[in-house]
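Asker: make a model of this:
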Amino acid sequence: MTRRPNLFIKMLAILLSLISVTLLFYGLSYRKDIGVITSQIKTTDLNHLEFLTQQLDNNINQLAGSMYALQRDPTVRDYEQIRQLGHLIDPAQTIMTVLEKLSLQTSSSTWENRIVLYKPLSGETLGSDSSLSFDSSVLSKPLPSGWEYIPEDNGSAEAGFRLLLSDPIERRNEPSEAGLLVSMYFPVSNIERLFDAYQSQNKGDTFLFNPSFGVILSRNTDPEMAKQIVATLTSSTGQGTSEIFSLQGGSFLVSSVPSSAINWQVVHYSPLKQILQPIRSSRYSFLTGSAILLVMSLLFSLQLYRQVQRPVSLLLRSLNRMKEGRWSTRIHAKTNPEFTMLNEEFNEMAEKIQSLIEQVYLEQIRAKDAHLKQLQSQINPHFLYNCLFFIKSKAVVGDTDSVEAMALNLGEYYRYITKVDHSLTTLQDELKLLENYLEIQNLRKQRIHYEMDIADDLLGLQIPRLLIQPLVENSIIHGIEKKIGQGFIRITASQTSAAVTVTVEDNGAGMTDEEIASLYARISESKREDGGCGLWNIQQRLKSHYDDSSGLLIASSPDGGLKITLRMEKKEDNDAPNSAG
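Answerer: Numbering: from 1, shown residues only. The predicted structure is shown next:
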């Protein structure tokens, strides 16, 4: 009686110590986790923004690429020199082709864009839209080297970016002397749609910033917030940055990535409090839960000790006996009502397990036997049709000897293979079946010779039925029938202390080493969705009836055909293969 309180006090002391240590380490790790998570959030936010910027640059570079391709297009060059080549080309057709290409270039991009061709010397203009015109103010100064920003108040209905190319390129500094100027323009609404798609999956807002032109805001960006963020940004260094700033009474994560295509910065900001709120909430939940668990542990520790220890120990010992295979184990002790019911359920479960194990063992035997019989029943109906057609043909010409021989051998053949009452037979009966089968094939083809070399002491060997016939059938169909001339099949058998082998060898068409390797791989599969083939069925039956080392060995024959060896390993208990006596 004195040991139980002492043990309870020890358990309680251990529990309090564990809770105290847990709370201490949690407090230390919480501060560290906040720093680590904040760093990871900064890295993740920067990676997402870099991916968005890469998408932006890819779309803009695709537009620029189409411009350079259009500049080098032969039809556009013909249009540039249309006056000089007027006697060689159709001017009207050339202009129509150029207009079609401008329209195709504009519509092939997912971004809205406009293209204008302008000849400074003649003042002619062609655009992807008939309403487009060329801004002649660019002729008085060198062309910019890349995309330039066009504000909304600069004669444009909507702010956007423009790229100007000259042909020849040497006239970039004197565009008024160029043969042709190519202008592409896309509105900032393309960028706004890209930002809106990004914001649908991320918190905060995104905008563009350039020290010379200010900001380009997305539809939902707060202008005042963007102004404060721009004031905190440093000049672009060619690399992305991600920092935390205190703005409008709160902390914000601000990430900035420069765009290589337009020399603007893509800026994204999100409230840090909103990101870290779930982590802070979990801290209070953890502390509250720890206090509740401590109180509950104090209440239940003694009760669990008194009511559970002995019944659980008894149940564990009984389960260990069941694990050792002592299926007759039962619990007869009476404890509290809950464990009494559990013990009764255990006894019922043990009884059912014992019964099910016996049933499963019998079902496995029946299923194995049914599987073997199913494999034996795979009879090719075309073989029967061909034999019946042979009998009909010989009967028409009055060849009664052939009709009698075919009917006799066919009857003996099917009387044997339709027996399903026993799954085993003797090697002698299996050889008799082979003689009937080969005689049937010889009556039909009249070019097959066969030889059987089987020792008398092996004739009484017990083997599964229909094990050798599919090998002979395979030699005829896939070997001899594919080769012109006389066919020859040799069937031999031998026995050692470890195994019995039966070999079927032919002089048929044969197979290459690669084909043999592929065939062996197919018959070695454990499961085939198409139901398997004859050789695959034999392989599975051998491994099911004998040891796993049993199976088929496939090699080329010295006579030019194929040599298939059926190996049946003897089991340790000597139950198969065995002799009839």
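
Asker: flag the shaky bits of the stretch 351-500 of the chain, pLDDT-wise.
Answerer: For the stretch 351-500 of the chain, the stretches with pLDDT under 70 are 362-380, 420-421.

Asker: would you mind giving the domain segments of the protein?
Answerer: 72-187, 327-372, 377-579 (automatic domain parsing).

Asker: output those domains as a markdown table; include the columns distance to V21 and mean neighbour count.
Answerer: (Glycine included, C-beta is placed from N, CA and C.) Formatted as a markdown table, these follow (distance: least, CB to CB, whole Å; neighbours: other CB atoms under 10 Å):
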| stretch | distance to V21 | mean neighbour count |
| --- | --- | --- |
| domain 72-187 | 59 | 16 |
| domain 327-372 | 33 | 13 |
| domain 377-579 | 52 | 16 |
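
Asker: for the ones you listed, which one sits closest to V312?
Answerer: When these are compared by CB to CB, domain 327-372 sits nearest V312, at 8.2 Å.

Asker: any idea how far the closest one is from the middle of the chain?
Answerer: Distance of domain 327-372 from the chain centroid (CA atoms, centre = their mean, to the nearest Å) equals 41 Å.

Asker: the stretch 401-550 of the chain: strands as residue ranges?
Answerer: Ranges of strands within the stretch 401-550 of the chain are 424-426, 448-453, 461-464, 487-495, 499-506, based on DSSP state E, counting those that start in this stretch.

Asker: may I have the strands that pair with the first one, each with its orientation?
Answerer: Neighbouring strands of strand 424-426 in its sheet, by DSSP bridges, are strand 461-464 (antiparallel).

Asker: CA atoms only: put the strand it pairs with into CSV for me.
Answerer: What follows is strand 461-464, C-alpha atoms only, in CSV (Å, rounded to 0.1, in the frame of the first residue of the first chain):
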residue,chain,number,x,y,z
LEU,A,461,7.2,-38.9,-62.0
GLN,A,462,4.3,-36.8,-60.7
ILE,A,463,4.0,-33.4,-62.4
PRO,A,464,1.3,-30.8,-62.9
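
Asker: quick revisit: dump the domains of the chain into JSON lines; add distance to E243 as well.
Answerer: Below are the domains of the chain laid out as JSON lines (distance: least, CB to CB, whole Å):
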{"stretch": "domain 72-187", "distance to E243": "26"}
{"stretch": "domain 327-372", "distance to E243": "60"}
{"stretch": "domain 377-579", "distance to E243": "58"}
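
Asker: surely E525 touches W536?
Answerer: Yes: counting by CB atoms under 8 Å, E525 does reach W536; the two are 7.1 Å apart.

Asker: not counting its neighbours along the chain, what's nearest S475?
Answerer: D506 (4.0 Å; CB to CB, 6 or more residues apart in numbering).

Asker: so what's that neighbour bridging to?
Answerer: Beta-bridge partners of D506, as defined by DSSP bridges: I489.

Asker: most distant residue from the middle of this structure?
Answerer: Within the chain, G398 marks the point farthest from the mean C-alpha position, 64.7 Å out by CA atoms, centre = their mean.

Asker: list the residues that contact F488.
Answerer: Going by CB atoms under 8 Å, 6 or more residues apart in numbering, F488 touches 448-451, 506-507, 559.

Asker: just the helices in the stretch 1-150 of the chain please.
Answerer: 3-71, 74-80, 91-107 (DSSP state H, counting those that start in this stretch).

Asker: which one of the ones you listed lies closest to K334?
Answerer: Closest among the helices of the stretch 1-150 of the chain, using CB to CB: helix 3-71, at 20.8 Å.

Asker: how big is the angle separating that closest one from helix 91-107?
Answerer: 170 degrees (axes from the mean of the first three to the mean of the last three CA atoms, to 10 degrees).

Asker: helix 3-71 packs against which elements?
Answerer: Counting contacts by 3 or more CB pairs under 8 Å, 6 or more residues apart in numbering; DSSP states H and E, helix 3-71 packs against helix 91-107, strand 160-167, strand 180-187, helix 189-199, strand 241-247, strand 250-258, strand 265-271, helix 272-323.

Asker: kindly reformat the ones you listed as a markdown table containing mean pLDDT.
Answerer: Below are these laid out as a markdown table (pLDDT from 0 to 100):
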| stretch | mean pLDDT |
| --- | --- |
| helix 91-107 | 84 |
| strand 160-167 | 88 |
| strand 180-187 | 88 |
| helix 189-199 | 87 |
| strand 241-247 | 81 |
| strand 250-258 | 86 |
| strand 265-271 | 87 |
| helix 272-323 | 71 |
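
Asker: output the below-cut-off pLDDT ranges for the stretch 101-250 of the chain.
Answerer: Under the criterion pLDDT under 70, the flagged ranges of the stretch 101-250 of the chain are 153-157, 234-238, 249.

Asker: let's go with 80 and repeat that
Answerer: The stretch 101-250 of the chain contains residues with pLDDT under 80 at 130-131, 152-158, 202-203, 218-222, 233-239, 246-250.

Asker: out of the helices of the stretch 1-150 of the chain, which one sits most buried?
Answerer: Stretch with highest mean neighbour count among the helices of the stretch 1-150 of the chain: helix 74-80 (a mean of 18; mean count of other CB atoms under 10 Å).

Asker: return the distance of it from the chain's centre.
Answerer: Put simply, helix 74-80 sits 50 Å off its chain's centre (CA atoms, centre = their mean).

Asker: for stretch 173-184, same thing?
Answerer: For stretch 173-184 - counting by CA atoms, centre = their mean - the centre lies 53 Å from the chain centre.

Asker: which outside residues touch that stretch?
Answerer: 63-64, 66-67, 70-71, 76, 79-81, 113-121, 134-135, 138-143, 162-168, 171-172.

Asker: also stretch 429-441?
Answerer: 387, 405-406, 409-410, 412-413, 416-417, 448, 450, 452, 454, 459, 463, 465-469, 472-473, 476, 489, 491.

Asker: my read: the residue nearest to S475 touches L562, true?
Answerer: Yes: counting by CB under 8 Å, D506 touches L562, with 6.1 Å between them.

Asker: who touches both of those two?
Answerer: Contact criterion CB under 8 Å, 6+ apart; residues shared by D506 and L562: 475, 479.

Asker: dump the helices of the stretch 1-150 of the chain to CSV, plus distance to E515.
Answerer: CSV is the format used below for the helices of the stretch 1-150 of the chain (distance: least, CB to CB, whole Å):
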stretch, distance to E515
helix 3-71, 50
helix 74-80, 54
helix 91-107, 53
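
Asker: wait, which of the ones you listed is closest to N347?
Answerer: Evaluated over those, closeness to N347 peaks at helix 3-71, with 29.1 Å, by CB to CB.

Asker: and that closest one with strand 180-187, angle?
Answerer: Relative orientation of helix 3-71 versus strand 180-187 (the same axes, to 10 degrees): 150 degrees.

Asker: rebuild the helices and strands packed on helix 3-71 as CSV, extending it with distance to E351.
Answerer: Putting those into CSV (distance: least, CB to CB, whole Å) gives the following:
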stretch, distance to E351
helix 91-107, 78
strand 160-167, 82
strand 180-187, 80
helix 189-199, 64
strand 241-247, 67
strand 250-258, 65
strand 265-271, 63
helix 272-323, 11
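
Asker: got the confidence number for M11?
Answerer: M11 carries a pLDDT score of 65 in this model.

Asker: I'd say H449 and I480 touch.
Answerer: No: using CB under 8 Å, H449 makes no contact with I480, being 10.1 Å away.

Asker: pull up the overlap in contacts between those two.
Answerer: 487, 489.

Asker: so who does G510 touch?
Answerer: 479, 556-557, 560-562.
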